[in-house]
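# got a predicted structure plus its sequence, pasted below:
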Amino acid sequence: MPVPLLDVNAQNLPLEPELQAAFTQVLHHGRFIMGPELETFEKEIAAMTGAKHALSVSSGTDALLLALMALDIKAGDEVLCPAFTFFATAGAVSRLGAIPVFTDVCPVCFNMDVNDARKKITVKTKVIMPVHLFGQCADMDPILALAKEHGLKVIEDTAQSIGAQYKGRQAGTMSEFGTYSFFPSKNLGGFGDGGMLVTNDDNLAEYARVLRVHGGKPKYYHHYVGGNFRMDTLQCALLSVKVKRYAQYTADRQRNAAHYIAELSKLPGVVQADPAHCKCVNTQDTWLAAQGAKIVLPVSYAHNSHIWNQFTLRVLDGKRDSLRDHLVAKKIGCDIYYPVTLDQQQCFANLPAASLSGCDVSHRVANEVLSIPIYGELTEAQRNEVIAAIAEWLA
Ligand SMILES: *Cc1c(COP(=O)(O)O)cnc(C)c1O
């Protein structure tokens, strides 16, 4: 039985009558830009995340760009962001002429290594941009403390983690700005591009709101140069249908992750990452070798509520591509997020050397990671198929 990495139809098609009704409603009132469903959807996201302000935007990427613009990030400013993340995090920084400075990541949770971030702060640093990768929050308390100590702003790239929690706080709401994405493969997946910018700060919200419409307020009177960062009314209307089910979608992913962890850890050579080894690659290596580990399972820190956008294995000893080829041959969807770290991207080759230094853990995990199907509608039979294929590879 083939198992896809993601099956958007399994989640969307059962909602077809409701989605069609939402489409019909927007078609008939005709307010395709900034229509009433846009405000409704923003209120739903604000209610769900507890953010004071939620601004719908054209994509998760544009949410990052808008957040940086609203913090007046300019050419020459430095922004700390992890080397191991999706490209958009650093791309948004570069588009403003600012300089991404890459930090290493933790080999256990794959998120920003705060100690490395501390080493890379300079007089030009303006923003720390942690990413809540794969559905789990970065260690925000030390990041926020570091920012406070140096007078820096924080933007949480929460594209993969809407609804995740850190010590009971909602991902994206712990700093100046949080950014969400509704790209179809995210946990709240839309029907095209879309995103959301959230903040608890009234002034920043107002500034971002004006920048979202070319910096014009009132219309045609421009104090600032903004852009067109609007999300379509139609997209908002369709996503409102899904947002009501979001808690269930998350619970389904968490059930799948729990099943994988319970069953895969029974296999010889499979161990779960140990939160005690966060940031300590050397200790971790000794421990993994002592366990005879071939595959390391992801873990949710006790203080986090993980929403499992990805279920990402680390395959040790240079065997990752071998496992991938085996799964592909068995028609089991899997993918590498991300094969090339940002400090190693061609487009950043001309950044100052200090931007590109000291990302060893990132390089290592980029060679080890493999994500397997975790979407909520995966059946038990499909999960077992994935587990059996991994067992076969290990044997
Ligand atoms: C998906 C993603 C983005 C960009 O979101 P889009 O809506 O696709 O523009 C940014 N950062 C991270 C970490 C992402 O996973």
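Yes, it's here. Numbers count the residues shown, from 1 in each chain.
# now the strands for the stretch 51-200 of the chain?
53-57, 78-82, 99-103, 125-128, 153-157, 165-166, 169-170, 177-181, 195-199 (DSSP state E, counting those that start in this stretch).
# may I see the buried residues of stretch 172-181?
172-181 (16 or more other CB atoms under 10 Å). Glycine gets a C-beta too; all of them are placed from N, C-alpha and C.
# give me the residues contacting that stretch.
Stretch 172-181 is contacted by residues 45, 49-51, 59-61, 63-64, 67, 70-71, 132, 140, 144, 147, 153-162, 166, 171, 186, 188, 194-201, 204, 208 when judged by CB atoms under 8 Å, 6 or more residues apart in numbering.
# now do 7 Å
49-51, 59-60, 63-64, 67, 71, 140, 144, 153-159, 162, 166, 171, 195-201, 204 (CB atoms under 7 Å, 6 or more residues apart in numbering).
# what's the answer for stretch 78-86, then?
Against stretch 78-86 from outside (CB under 7 Å, 6+ apart): 73, 89-90, 93, 98-105, 110-112, 117, 120, 122, 124-129, 131, 133, 338, 341-343, 359, 362, 365-366.
# thinking again about what came up before, and which of the buried residues of stretch 172-181 is nearest the ligand?
When the buried residues of stretch 172-181 are compared for distance to the ligand (CB to the nearest ligand atom), Ser181 comes out closest, at 3.3 Å.
# count the neighbours of Gln254 for me.
18 (other CB atoms under 10 Å).
# okay, and it sits in which element?
Element membership of Gln254 [criterion: DSSP states H and E] is helix 246-264.
# helices or strands up against that helix?
helix 380-394 (3 or more CB pairs under 7 Å, 6 or more residues apart in numbering; DSSP states H and E).
# how near is whatever residue of the chain ends up closest to the ligand to Ala159?
Closest residue of the chain to the ligand, CB to the nearest ligand atom: Gly60 (2.5 Å). Taking CB to CB, to the nearest Å as the measure, Gly60 falls 4 Å from Ala159.
# that older thread, buried subset of the contacts of stretch 78-86?
73, 89-90, 93, 98-105, 110-112, 117, 120, 125-129, 131, 133, 338, 341-343, 359, 362, 365-366.
# near the ligand, from the residues you listed?
Counting by CB under 6 Å from any ligand atom, 89, 131 from the buried ones among the contacts of stretch 78-86 sit close to the ligand.
# among the buried ones among the contacts of stretch 78-86, which lie within helices?
89-90, 93, 117, 362, 365-366 (DSSP state H).
# okay but Leu5 is in contact with Leu378, surely?
No - between Leu5 and Leu378 there is no contact under CB atoms under 7 Å: 10.0 Å.
# intersection of neighbour lists for the two?
With CB under 7 Å, 6+ apart, Leu5 and Leu378 have no common neighbours.
# neighbour count winner among these two?
Leu378 (24 against 16).
# quick one, what contacts that one?
Contacts of Leu378 by CB under 7 Å, 6+ apart are Asn256.
# against Gly135, how distant is the nearest residue to Val105 once chain neighbours are set aside?
Nearest residue to Val105 in three dimensions, chain neighbours excluded: Phe84, at 4.6 Å (CB to CB, 6 or more residues apart in numbering). Using CB to CB, Phe84 is found at 15 Å from Gly135.
# repeat that for Ala83.
Applying CB to CB, the value for Ala83 to Gly135 is 19 Å.
# got a list of contacts for stretch 312-325?
Taking CB under 7 Å, 6+ apart as the rule, stretch 312-325 contacts 134, 288, 293-298, 334, 337, 365, 367-372, 393.
# tell me the buried residues in it?
Residues of stretch 312-325 classed as buried: 312-316, 319-320, 323-324 (neighbour count, 16+ other CB under 10 Å).
# residues in contact with the most centrally placed residue in the chain?
Nearest to the mean C-alpha position of the chain, by CA atoms, centre = their mean, lies Gln160 at 2.6 Å. If a contact means CB under 7 Å, 6+ apart, then Gln160 has 132-135, 186, 309 as its contacts.
# what average pLDDT does stretch 107-122 get?
Mean pLDDT, computed over stretch 107-122, is 96.
# what residues does that stretch touch?
With CB under 7 Å, 6+ apart as the test, stretch 107-122 has contacts from 78, 80, 82, 84, 101, 103-106, 128, 130-134, 136, 138-139, 142-143, 146, 150, 273, 275, 277-279, 281, 284, 299, 301, 358, 361, 365.
# quick check: residues of the stretch 101-250 of the chain near the ligand?
By the rule CB under 6 Å from any ligand atom, the part of the stretch 101-250 of the chain lying against the ligand is 131, 157, 159-160, 181, 183, 193, 195.
# reformat these as JSON lines; add pLDDT.
Shown next, in JSON lines, are these (pLDDT from 0 to 100):
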{"residue": "Val131", "pLDDT": "98"}
{"residue": "Asp157", "pLDDT": "98"}
{"residue": "Ala159", "pLDDT": "98"}
{"residue": "Gln160", "pLDDT": "98"}
{"residue": "Ser181", "pLDDT": "98"}
{"residue": "Phe183", "pLDDT": "98"}
{"residue": "Asp193", "pLDDT": "98"}
{"residue": "Gly195", "pLDDT": "98"}
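# pick out the most distant pair among those residues.
Pairwise distances among those were taken by CB to CB; the largest, 18.8 Å, belongs to Val131 and Asp193.
# how far away is Ala63 from Leu327?
Distance from Ala63 to Leu327, counting by CB to CB: 33 Å.
# Asn282 now?
Noted for Asn282: a distance of 30 Å to Leu327, by CB to CB.
# out of the helices and strands in this structure, which is least certain?
Least confident helix or strand of the chain, by mean pLDDT, DSSP states H and E, is helix 281-290 with a mean of 82.
# what's that helix packed up against?
Looks like helix 281-290 contacts no helix or strand (3+ CB pairs under 7 Å, 6+ apart).
# what mean pLDDT does the helix or strand that it is followed by get?
Once the chain leaves helix 281-290, the next helix or strand it forms, by DSSP H and E, is strand 295-297. The average of the pLDDT scores along strand 295-297 is 97.
# low-confidence ranges, the stretch 201-350 of the chain, go.
By pLDDT under 70, the low-scoring segments of the stretch 201-350 of the chain are 279-281.
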